[in-house]
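Participant: Make a model of this:
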Amino acid sequence: MANARSASRALSMFETFGAEGRPLLLTELAPLIDVPLSSCHGLVRTLLDRGYLYALSRRRGFYPTRKLYTLAQTIAAKDSYLQRLAPFLERLRDDSGETVIVGTLQGEAVLYLEVLEGPKTIRYSARPGDFKPLHSSAIGKALLSAGGEALWKKLAARPLSDVTVNTITDPAHLRDNLEEGARRGYFVTRGENVSDVTAIATALEVEGMTLGIAIAGPSYRMAETIEAQTGRLLQARSEIEERLG
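Facilitator: Got it, this is the predicted structure:
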């Protein structure tokens, strides 16, 4: 438990630096990550010794070095699983002109593995590592449908949160929505996860792992192109399954 708590605190510290975007004093950092000052001091000392933080001055505090960034780049470059998907995802992003997302089931939520943001100024934005609800996201619906009755029973056993005013929170309505998507072979959310975003998603299996792939963009733009975007999504799924499945 102690090791898990230390790891969680270290990650919270880096996330806080990312959110604040500035050097932080120890007395600022400790309350932001909700740890005692003494524990924060020990964590900062360890990260300084490992080269992940550097001290600016006593009055200016600490800031992360580029070591974590370089390490993350190295790890990402060696992710052979996503590397094999990359050409298909990039082509789908370029052809659709919208953001393309790949996610998988982790626990009872969607974990975004890759996000290729569209080229337009107004676009759907997200980050790898984001978690999204199963019942309100397009990828979530695709994975929920693929997950079978056991996953559905877990989800339906508790209240469904209203992420937006458009979120389907009635289990019977959601079940009908999922069955309709399964018949079509793709799933749609219209403002259910982000109020002004429409997304379409489909599930597929790559090397024994079930993934969801989605195209997401502003609802006003997706409404005019959804038929064409659906065709692109399903074509990409077929190509991936044929080449990598």
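Participant: what packs against the helix or strand hosting K132?
Facilitator: Element membership for K132, per DSSP states H and E: strand 131-133. Contact here means 3 or more CB pairs under 8 Å, 6 or more residues apart in numbering; DSSP states H and E; on that basis strand 131-133 packs against strand 109-116, helix 138-146. Where you see a C-beta, it was placed from the backbone N, CA and C, and this is true even at glycine.
Participant: If you count neighbours, what's buried in it?
Facilitator: K132, P133 (16 or more other CB atoms under 10 Å).
Participant: Off-centre distance for that strand?
Facilitator: 7 Å (CA atoms, centre = their mean, to the nearest Å).
Participant: Residues contacting that strand, please?
Facilitator: G103, Q106, A109, V110, L111, Y112, I139, G140, S161, V163, N193 (CB atoms under 8 Å, 6 or more residues apart in numbering).
Participant: If we use 6 Å, what do you get?
Facilitator: The list of residues contacting strand 131-133 from outside it, by CB atoms under 6 Å, 6 or more residues apart in numbering, reads A109, V110, L111, G140.
Participant: rewinding a little: mind putting the helices and strands packed on strand 131-133 in TSV, mean neighbour count, mean pLDDT and distance to R59 included?
Facilitator: Output for the helices and strands packed on strand 131-133, formatted as TSV (neighbours: other CB atoms under 10 Å; pLDDT from 0 to 100; distance: least, CB to CB, whole Å):
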stretch	mean neighbour count	mean pLDDT	distance to R59
strand 109-116	20	96	38
helix 138-146	27	96	46
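Participant: Low-confidence stretches in this protein?
Facilitator: In the predicted model of the chain, residues 1-2, 245 satisfy pLDDT under 70.
Participant: which stretches of it form strands?
Facilitator: 53-57, 61-64, 99-106, 109-116, 131-133, 187-190, 197-206, 209-218 (DSSP state E).
Participant: Any idea which of those gets closest to C40?
Facilitator: Nearest to C40 among the strands of the chain is strand 61-64; the distance by CB to CB comes to 10.4 Å.
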